[in-house]
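Peer 1: show me the folded form of this:
(chains A and B)
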Amino acid sequence: MAKLRLSGLNAVQRQSLVISLTAFFTGLLLIALISVLVLITARGGAYFWPKPIYSVALTHISPPALATDQVLPKEAASKETTPRETEQVVTLLANVFDDEAKSEIRLKYADALNPYGAQLLVERERIKRIDLAKNSAEIKLNDGRQVMAVPENVVTPEGANIPLAKLPQIMESVALISDEITKLNKQFLAPIHESLSRFDNRDVAADAPAREKLVAQFNEYQQRVRSLETQRDQYKLAVSFAEGQPFSIPIFTIQSVDFVSRLTGFEKWQVAIGEVFVFLTESPKQANTSGGVFPALFGTVLMVFIMTIIVTPFGVMAAIYLSEYAPNTALTTIIRVSVSNMAGVPSIVYGVFGLGFFVYTLGGSIDSLFFSDTLPAPTMGSPGIFWAALTMAILTLPVVIVATEEGLRRVPEGLKAGSYALGATKIETIVRTILPIASPGIMTGVILAIARAAGEVAPLMLVGAVKFAPALPIDGEFPFLHLDRQFMHLGVLIYDSAFHSQTDAKSASMMFAACLLLLVVVFVLNILAVLLRTRLRKRYLKG
Amino acid sequence: MLKLFKHNIQPVSELSSAQTAVEVNALNLWFGDKHVLKDITMRIPKNKVTALIGQSGCGKSTLINCFNRLNDLYDGCQYKGEVIIDGKNINSKKTNVSRLRAKVGMVFQRPNPFPMSIYENVCYGLKLQGVRERRNLDDAVESALKQAALWDEVKDRLFEPAMTLSGGQQQRLVIARALSLKPEVLLLDEPTSALDPLTTLFIEELMESLKKQCTIVIVTHNMQQAARVSDYTAFFHQGKLVEYADSDTLFTMPEKKQTEDYITGRYG
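Peer 2: Alright, predicted model coming up:
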């Protein structure tokens, strides 16, 4: 049938049919691309946007979700008496996640039993009432947890109730106490402890009086710290949940208090920008479900940076040899074909290679040669950022070689001949004429390598990227750049937080937010490289 | 008649060694199995313009590539015989090829300025020779550009990219680049075939003035050009030197029938 109709078309119609078909598939591609961007941007952006808190009243019938962990406060139920006595109504403070497609609503709620939040799926018909809870606030704690509750007043160590308006001042004075404690710990307790342990190690009787004195000092400072700590701990914020259940939070654990339900548009932006700032500058908390991703961002960029430093000279040298020096034999052809095929090897294979060769063999040998005094604890013989960068360099090497060779091939023969005719040797010609002209091609290879390395996850997990690294690979301690340390990587963080998504809405969003950040990082790195390439092109190819 | 205008032209057979810039003795050259140059023997006179003419593929470009050993760049090129410049056989293994190429300049068919500034282009060879002092470079650039009659056009934009120049200017820049090294011999491989008639005339005049300083060997397909600019002309056919004489003789009364047929356009 279709065939018949096709043959009935004239040439012009047939051509326009072909055009519309191809255009249709191009359009599909465009839609796919845009939806990826829109989804990641929307879901990632939503993570930062303050979500209003509602007070949700719902009936509590045969509750698989509630029955096990929730005892209903009797008086609350009787206060909100419903027409039917068999049903009990529970009120919760919650973020509401609406899912239009389903008949259920997802709540991220807090109550007396789950002060730090839990999740609940509720059928729509069970919900009696949803009101904006204007008085409730999102109270973020330093450890990454948060409480949704109505702040009532501030309790001081003396037991006095202070109105909420004074909260900022109180928070400041508590912070001062905390600073004092840290100072005492750092300046006095730690050094004394160190000297004490030195005495203990020597174990000389003559030291005994000095030791006694130190112990006395230590106890004295410890006493001061303890009393400060008790003082600090007694400043509390009294809050209540939807049904009036009281709860109190030590003020020194509070990071911020946001009345998210009564924010104006501008204040919402302020909160969101603050969230972005926290996200970019802080460490992950609560097993990568809240807090920031700074170590991962830092690790990704540093790893890509080290990789670029390794892969660029390697790739360029190899490409120069292949294209300028290698004899035109079957062996060269075989090498060239294998190099291009290396780009298609699954990345996990490189990960296994990196672990087996770089970490165990190479790292192990380095350890036995240079760090033998710390063995059996490995120094270089365990996964770390350098091995990860090296593995990624091997993985992206073919990309750089192929692109560089392409760039070298584009250098006109006439220019090379012109350089030789002026008395330049081969190496002078390569350095002064061929490489500058091929530099945009080289940059193309490096761009592709960077994009690939920044997004790769599987091999990195084998050779040094971890869910949580206690320290950054760069710090103030000699030798400042610790190539042997494990590091965090955005891709690995996304992979990790994807496993939280079924249970925790917030961390699902954190996955999207990290994904958005990864996109931005790759995009920025690419833009930088493209700008550089354009400059080189302008300089060496045209005008 | 023409002889009145061209002074001091000796017949090729009477050239002494002292008057010779390049001496070619029994030169044979192969690209793989292909025998490209067959037993070439000739003397190219000093401070004169010598034109090499012949059909495409007759080996004339290959011959001038032998004068600066540019054929070394091509795979499968083998040669036998002598090319003597400054009393030394440049085909010997001991030759310093870089120094030879600095002494024997070359200009190609298509202008090939490097993608750098005009100044950097002219300095390229000098810097390779180890000249570093800014003042020496400045002086050399100025005098080379003046010799190539380009100075007045570019003196205000020496540091602009060479690619912004017109085709004719680029070709003169390339000539200046070769002249910056003060070569003894300047090889021109069809230098005007990609240029318009006016620029061609300009470059032909340039050759006339340059021959005071160096020996010029030009490969050309343009018979009129060969007759106009050259003192001597050699006609090649299928890798052999057919006839070599002063241009007046060769163009007015060629000895060989083949030569006459070619210059009158009966074949080729």
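
Peer 1: list phi and psi for the residue nearest to the spatial centre of chain B.
Peer 2: The centre of chain B sits closest to B:Leu187, judged by C-alpha atoms, centre = their mean, with a distance of 1.7 Å. The phi/psi pair for B:Leu187 (degrees, to the nearest 10) reads phi -100, psi 130.

Peer 1: check contacts around it.
Peer 2: Residues in contact with B:Leu187, defined by C-beta atoms under 8 Å, 6 or more residues apart in numbering or on different chains, are B:Ile64, B:Phe67, B:Asn68, B:Val104, B:Gly105, B:Met106, B:Val107, B:Val217. Where you see a C-beta, it was placed from the backbone N, CA and C, and this is true even at glycine.

Peer 1: how many other residues sit next to the second one?
Peer 2: Meaning B:Phe67. Counted with other C-beta atoms under 10 Å in any protein chain shown, the neighbours of B:Phe67 add up to 23.

Peer 1: so it sits against B:Val217, correct?
Peer 2: Yes - the pair B:Phe67 and B:Val217 passes the contact test of C-beta atoms under 8 Å, sitting 7.0 Å apart.

Peer 1: what touches both of the two?
Peer 2: The overlap between the contact sets of B:Phe67 and B:Val217 (C-beta under 8 Å, 6+ apart) consists of B:Val22, B:Val185, B:Leu187.

Peer 1: if we can go back for a sec, just flag the most distant two among the contacts of B:Leu187.
Peer 2: B:Phe67 and B:Val107 (12.8 Å; C-beta to C-beta).

Peer 1: quick check: mean pLDDT of the helix or strand harbouring A:Phe353?
Peer 2: A:Phe353 belongs to helix A:347-353 when assigned by DSSP states H and E. What helix A:347-353 shows for mean pLDDT is 92.

Peer 1: what of stretch A:384-402?
Peer 2: 91.

Peer 1: and the residue of the stretch 201-350 of chain A nearest chain B?
Peer 2: Closest to chain B within the stretch 201-350 of chain A is A:Asn328: 6.8 Å, counting by C-beta to the nearest C-beta.

Peer 1: now do the stretch 51-200 of chain A
Peer 2: For the stretch 51-200 of chain A and chain B, the shortest gap (C-beta to the nearest C-beta) falls at A:Gly144, measuring 55.3 Å.

Peer 1: could I get the pLDDT score of that residue?
Peer 2: For A:Gly144, pLDDT reads 75.

Peer 1: that one and A:Gln255, how far apart?
Peer 2: As defined by C-beta to C-beta, to the nearest Å, A:Gly144 lies at a distance of 9 Å from A:Gln255.

Peer 1: looking at the two, which is more packed in?
Peer 2: Ranked by neighbour count (other C-beta under 10 Å), A:Gly144 and A:Gln255 place A:Gly144 first, with 19 against 16.

Peer 1: OK, contacts around the more buried one?
Peer 2: Counting by C-beta under 8 Å, 6+ apart, A:Gly144 makes contact with A:Pro284, A:Lys285, A:Gln286, A:Thr289, A:Ser290, A:Gly291.

Peer 1: my guess is the third one meets A:Gln146, correct?
Peer 2: Same thing as A:Gln286. No - using C-beta under 8 Å, A:Gln286 makes no contact with A:Gln146, being 9.6 Å away.

Peer 1: with neighbour numbers in mind, choose between the two.
Peer 2: Neighbours were counted for A:Gln286 and for A:Gln146 using other C-beta under 10 Å; A:Gln146 has more, 22 against 17.

Peer 1: need the contact list for the nearest residue to A:Arg533 once chain neighbours are set aside.
Peer 2: Nearest non-adjacent residue to A:Arg533, counting by C-beta to C-beta, 6 or more residues apart in numbering or on different chains: A:Met443, 3.9 Å away. Counting by C-beta under 8 Å, 6+ apart, A:Met443 touches A:Ala529, A:Leu532, A:Arg533, A:Leu536.

Peer 1: repeat the analysis, applying 6 Å as the threshold.
Peer 2: With contact taken as C-beta atoms under 6 Å, 6 or more residues apart in numbering or on different chains, A:Met443 is in contact with A:Ala529, A:Leu532, A:Arg533.

Peer 1: so A:Val431, which of the three states?
Peer 2: Secondary structure for A:Val431, judged by DSSP: H, G, I helix; E, B strand; the rest coil, is helix.

Peer 1: what's around it, how many residues?
Peer 2: Neighbours of A:Val431 using other C-beta under 10 Å come to 13.

Peer 1: and the pLDDT for it?
Peer 2: pLDDT recorded at A:Val431 is 90.

Peer 1: count of neighbours near residue 42?
Peer 2: Here I'm looking at chain A. Using other C-beta under 10 Å, A:Ala42 has 11 other residues around it.

Peer 1: my bad, the chain I had in mind was chain B
Peer 2: The burial count assigned to B:Met42 is 19, neighbours taken as other C-beta under 10 Å.

Peer 1: residues in contact with the one helix or strand it maps to: which ones?
Peer 2: B:Met42 is located in strand B:34-45, with elements delineated by DSSP H and E. When contacts are defined by C-beta under 6 Å, 6+ apart, strand B:34-45 is touched by residues B:15, B:19-29, B:50, B:59, B:62, B:239-241, B:244.

Peer 1: in chain A, what helix or strand scores lowest on average pLDDT?
Peer 2: Ranking every helix and strand in chain A by mean pLDDT, DSSP states H and E puts helix A:74-79 at the bottom, with a mean of 46.
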